[in-house]
Structures are given as structure tokens and as C-alpha cells.
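Engineer: Sequence unavailable; structure follows:
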């Protein structure tokens, strides 16, 4: 059936047994809100409802969604749609032109339940077919359902439209973001790439002491503390007891890290129960899926005793070991297998898995904060949507070891929707034999997120130590602008080759490709160019005469390479700067 809204003719397929309506609630200033309502006299399980409408492919050259990653080109109408639910991505996408101007940004108010979305070119008509596919996983019976489709066609910078979508979600009841502790916005040390599962308490404590000297304020102790296995699987997860062969005295170990001046965050894979754990037998009839090939099970959060076991585990660890936070991993793995899709009742107090996960994570945050109000909770891309902001206060880029550009792409993608939630880089690692300029790219590409370091700091060459120390000092000095300034990431279709963060007093522009950088009126105090390339210059196009400025050029270790008074007339300027270095205009 087709419904006429204020702007579009929307066709609805599916929803048998429900009375369905699509109504335009408002259409002002280029934003239209369309309400979807479904009603039934008796409880029915909705399945695969599809809403389609068309948008002209006029002045549109790029596409963005939270999982597009490196593929930000246009889709076609038979391209796979992307999945969204509470623990996976977010129901929003944007179509824009090469100048970054929005042409259509679509968002959906229900970020809890599983949906699919797509905007793809229909070649016969040169229009985008816009698809919103609802209830793509088994859903419990219901008698009514209501949600809103937000359609934004304003000619604004795409990132501004996405930021407003994030604010729209954050203002909804039940979507209120968690407060962010100050420590969540400070650099951290991670044990994953530096130790993997080979954790040795004394060595970790020594790295913490060195990391504190560099400006880190917390350590994230990752997988390995609960098992002597080094097989990188999850067959031993579930009991969450410290392996005495790894860490003989966890409380004393945490105390020593605190003495070094760092907070302590501990890793847990939330849904996993391995076959070699005692919890496997305890919950063997309360699984919804398996993970990997080692027999690891995914517990069913619809059972209250499962939720209580998990939350109680975290509470006890928090109290017994005086932890400061948790890295809660793999929460996107709470998925119903095909065999379990019709499982209902039997002691479950929820029929819906997403609703049960929402209850689990909401209660986890509430109860942990009641013990330690400034508790830190980290989630990893791709569980970075609007409801995840309620459950936690740190989002980290998905694992991308040694991949500096992926850290840039991932961190900017997350920041576009995440408001003041702390966005972290993936743990930074590189080969110690790298030229120091190449190693510097790891930090420079993570500049607009909170850096996490995962190198054995005492084994870094001296020039690498100088480089890391310089860039972390630079980040600390400028973090108010890097994290809190207005973010302008240009050309997402080209993977953000130029990114600017600006405040009234200062502007910082990082250049990641051979690109002419347009510069308007300079801020009052300082303008900084960061060279995220291995070239020896940055080319800037000053659109107005900016007069004379003192120009200081630093190399990637912070050494002064040049200092001079330069007249910045209108037009092109080739500015010499070492690879991985920067220019400060005062």
C-alpha cells in the first residue's frame, strides 16, 4: 500500500494482520517527520515489513552510514542493506555532494530493534530507492508499535546533519547518554597488542609507570587475565576468575597500578561461555547461539538469572579488586540462532532479545555507577549507536593493528554521531624498525580521538620515544579543541583527507593526502597545520589576506625545523614541513 507524506510517496509491503499508517507529523525547514503506526486487535509477531520511497539522484556523489567504512560510494538498489539494532551501528544514512552538502539524511527513531536500511540507485529512473526494512529478526508478538522516520533535505554540511541526528536520539526518553568521566577523555595504555594473552603483572605495572610519564591516565588490561590458554579463542571464558598463573594477586596488582597513577579497566567478553568453564554447565540450557569453532556459547539474556550472573560478576570484581572500569566486549553477539528463533517462555521474562540486552546493559551501568559513580565502560565499534551511549561512555575504533588510516576513518565515523561520548582510537602499535616519521602517522591519524597506546614503551627506539612523547604532549595541550571543537571532516568519499577541529581561539587542520587546503579567516590566537603525509610540504589556499604571522615548523619529534615571519597574502602558499610534522601560525 502507498501512503502520501509531505514529500514522498511511501510504499509499505508486509505487516499482515496489522493496521498500518504513515503520517507526516511536521515538515518545516527541510526536515520532515513521518510517523509509522501499527495496530492489531490480537498479539501478532511482525515479520519483515518493508517501506520504500524514491529520491531523485540529483547533485549526489557520496553516501555515508555508520558501517560504510572505506566504501562511501553510491549504492545500487540491489546492494545489501546494512543492519542496525541496539548493539550494532545505528539506523541512519546520508547522501551528499562533493562539496559535502547534504541532499538527504534519513534516520529512524527506533534504534533498539533489528532493522535494515539502504539507499541505492535505480538505474531505470536515476532515482535512489530508499529502503527501511523492519523486524528483520524474530520479534515477539505485539498489538501496537510506533516510530518516526526523520527525513532531512536541508543544504547543510553533511556532518552537521548527522550531529543533529545524534542530538535527536539523545533527547528521546530512554536514550539519554551516560555521563562521561574526565578520565575517559585522557590517553590510555592497552595491553592487547603489547602483551596479548601473555600477561605478566610486574611487566604490565612497569609499562603503566612509563605510560603515566607520557600522559596516560588509565590502563586497559585485555584478554588473558582469566586463562593460561594462548589460543586466542573464548573456550575458557564465563567463570571470570583470575588465573593465578597469570596474576597471583589481582587486588595487589590493581593497587600497584593505582600507585603508578593510572586507573584500571578490565576486559570481559560479555555473552560468551566457553565449554571449559563451570558456567557452561550452569547455563547449558540457556544459550541462544554459538561463536567461533571452539564450542563457545552465547548466553540468553532473556533469562533473569543470566543477567543477574553477569551483572553480579562485574559488581564483585569492582568491589573485590577496586577496578575503575570495564571493557565490555562482543555485546553485538547476542543473536538468535535459526534453531532458537521461536524460543519463548520457559523462565524467560522477555521474549525479545534486544529488549533483554537493553535491560542487561542498562542495569549493568546503573548498578556499577551506584558503587563507583565515575565508572568507565568501553564499547568497541560496531556497537556504537545511540543506545550504546546510554550503556557506556567510551567508544573505541574496531581492531586495526598498524593501520593508521583505518584509525582515522573509524574514529571520525564514530564521532559524527556520538556527541560528547569519549571516542578512542584503536590501540596504536607499529614495528619498532619503522622510520620515525612513518610511526608518527599512527598518532596523527588518531588525532581527533583519544589515543590508546599498546607498545612496549621501554623497547621503543629513542627517536620513537621522543616522537610519542611529543605527540601525546601536543594532544594533551590541544585536546579541548581536538575533542570539543567544531569538527569538519571533508570528503568522506575520499576517506577524510582533511579534518579540522576549530574553536574561537584556535583551529587545527590535519592533512592526510596531497590536497590543497582552503583556509579562511584565521582564528585569533593560533592556526595549526598537521602533516599526516610523508611529503615535505602542505599547500594551502588562503581565501582572504591574512597578514603577517609568526610561523614555527616542528618535525615529528617536536624539534624546531624553522621559525620565521611570513606574510600570508590571498592565494596559494606552499608551506615546507617535515613528514609527520606540523606548522604553528601565531
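Structural biologist: Perfect, I can see it now. Keep in mind it's a predicted model, so treat the numbers as computed, not measured.
Engineer: so where do the strands sit in the stretch 251-400 of the chain?
Structural biologist: Applying DSSP state E, counting those that start in this stretch to the stretch 251-400 of the chain gives strands spanning 263-269, 272-273, 287-291, 296-299, 325-329, 376-380, 394-396.
Engineer: Out of those, flag the one nearest residue 140.
Structural biologist: Nearest to residue 140 among the strands of the stretch 251-400 of the chain is strand 287-291; the distance by CB to CB comes to 14.0 Å. Using the backbone N, CA and C atoms, a C-beta is placed for each residue, glycine as well.
Engineer: Any buried residues in that closest one, and which?
Structural biologist: By 16 or more other CB atoms under 10 Å, the buried positions in strand 287-291 come out as 287-289, 291.
Engineer: biggest strand in this protein, by residue count?
Structural biologist: strand 31-44 (DSSP state E).
Engineer: For that strand, give the mean pLDDT please.
Structural biologist: For strand 31-44, mean pLDDT is 97.
Engineer: what does stretch 249-260 give?
Structural biologist: 98.
Engineer: Flag every buried residue along that stretch.
Structural biologist: For stretch 249-260, by 16+ other CB under 10 Å, it's 250, 253-254, 256-257, 260.
Engineer: which helix is the longest one in this protein?
Structural biologist: helix 462-484 (DSSP state H).
Engineer: closest one to residue 139 among the strands of the stretch 251-400 of the chain?
Structural biologist: Nearest of these to residue 139, taken as CB to CB: strand 287-291 at 14.5 Å.
Engineer: Against which helices or strands is that closest one packed?
Structural biologist: Applying 3 or more CB pairs under 8 Å, 6 or more residues apart in numbering; DSSP states H and E, we find strand 287-291 packed against strand 296-299.
Engineer: Work out the sheet partners of the strand it packs on and label each with its direction, please.
Structural biologist: strand 272-273 (antiparallel), strand 287-291 (antiparallel) (DSSP bridges).
Engineer: picking that back up, closest to residue 405 among the buried residues of strand 287-291?
Structural biologist: Residue 405 has its nearest neighbour among those in residue 291, at 29.2 Å by CB to CB.
Engineer: can you give me the strands in the stretch 51-200 of the chain?
Structural biologist: Counting by DSSP E, counting those that start in this stretch, the stretch 51-200 of the chain has strands at residues 62-64, 75-76, 82-84, 92-96, 102-108, 115-122, 127-134, 142-152, 188-190.
Engineer: Point out the most buried one among those.
Structural biologist: Of all those, strand 188-190 has the most neighbours on average by mean count of other CB atoms under 10 Å, namely a mean of 28.
Engineer: so how far is it off the chain centroid?
Structural biologist: Between the centre of strand 188-190 and the centre of its chain there are 17 Å (CA atoms, centre = their mean, to the nearest Å).
Engineer: quick one: residue 125 and residue 77 touch, right?
Structural biologist: No. If you go by CB atoms under 8 Å, residue 125 and residue 77 don't touch, sitting 9.8 Å apart.
Engineer: Tell me which of these two has more neighbours.
Structural biologist: residue 77 (19 against 12; other CB atoms under 10 Å).
Engineer: Confirm for me that the more buried one is in contact with residue 121.
Structural biologist: Yes. Counting by CB under 8 Å, residue 121 is a contact partner of residue 77 at 6.3 Å.
Engineer: Show me the common contact partners of these two, please.
Structural biologist: In the contact map built from CB atoms under 8 Å, 6 or more residues apart in numbering, the residues linked to both residue 77 and residue 121 are 128-129.
Engineer: Same list (the strands of the stretch 251-400 of the chain) but as CSV, adding mean pLDDT and distance to residue 427.
Structural biologist: Below are the strands of the stretch 251-400 of the chain laid out as CSV (pLDDT from 0 to 100; distance: least, CB to CB, whole Å):
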stretch, mean pLDDT, distance to residue 427
strand 263-269, 98, 12
strand 272-273, 97, 21
strand 287-291, 96, 22
strand 296-299, 97, 23
strand 325-329, 98, 11
strand 376-380, 98, 11
strand 394-396, 98, 8
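Engineer: Output those strands in CSV; the columns should cover distance to residue 537.
Structural biologist: Putting these into CSV (distance: least, CB to CB, whole Å) gives the following:
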stretch, distance to residue 537
strand 263-269, 41
strand 272-273, 50
strand 287-291, 49
strand 296-299, 52
strand 325-329, 41
strand 376-380, 37
strand 394-396, 33
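Engineer: picking that back up, out of the strands paired with strand 296-299, the one nearest residue 94 is which?
Structural biologist: Minimum separation from residue 94 across the strands paired with strand 296-299 (CB to CB) falls at strand 287-291, 32.2 Å.
Engineer: and the angle for the closest one with strand 263-269?
Structural biologist: 100 degrees (axes from the mean of the first three to the mean of the last three CA atoms, to 10 degrees).
Engineer: and the gap between the residue nearest the centre of the chain and residue 81?
Structural biologist: Central residue of the chain (CA atoms, centre = their mean): residue 414, 3.9 Å from the mean position. Residue 414 sits 21 Å away from residue 81, going by CB to CB, to the nearest Å.
Engineer: returning to what we had before: who are the contact partners of the residue nearest to the centre of the chain?
Structural biologist: Contact analysis of residue 414 by CB under 8 Å, 6+ apart lists 66, 381, 384, 395, 397, 423, 449.
Engineer: closest to residue 55 among the residues you listed?
Structural biologist: residue 66 (19.7 Å).
Engineer: Now for that closest one: which residues touch it?
Structural biologist: Residue 66 sits next to 82, 84, 89-90, 92, 382, 384-385, 413-414, 417 when contact means CB under 8 Å, 6+ apart.
Engineer: Quick one: these as CSV, columns for pLDDT and distance to residue 308 too.
Structural biologist: Formatted as CSV, those follow (pLDDT from 0 to 100; distance: CB to CB, whole Å):
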residue, pLDDT, distance to residue 308
82, 98, 34
84, 97, 28
89, 98, 29
90, 98, 29
92, 98, 34
382, 94, 27
384, 96, 27
385, 96, 25
413, 98, 35
414, 98, 31
417, 98, 32
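Engineer: nearest to residue 491, of the residues you listed?
Structural biologist: In terms of CB to CB, no member of the contacts of residue 66 lies closer to residue 491 than residue 413, at 13.6 Å.
Engineer: phi, psi of that closest one?
Structural biologist: The phi and psi torsions at residue 413 (degrees, to the nearest 10) take the values phi -60, psi -50.
Engineer: Spit out the contact partners of it.
Structural biologist: By CB under 8 Å, 6+ apart, the contact list for residue 413 reads 66, 68-69, 381.
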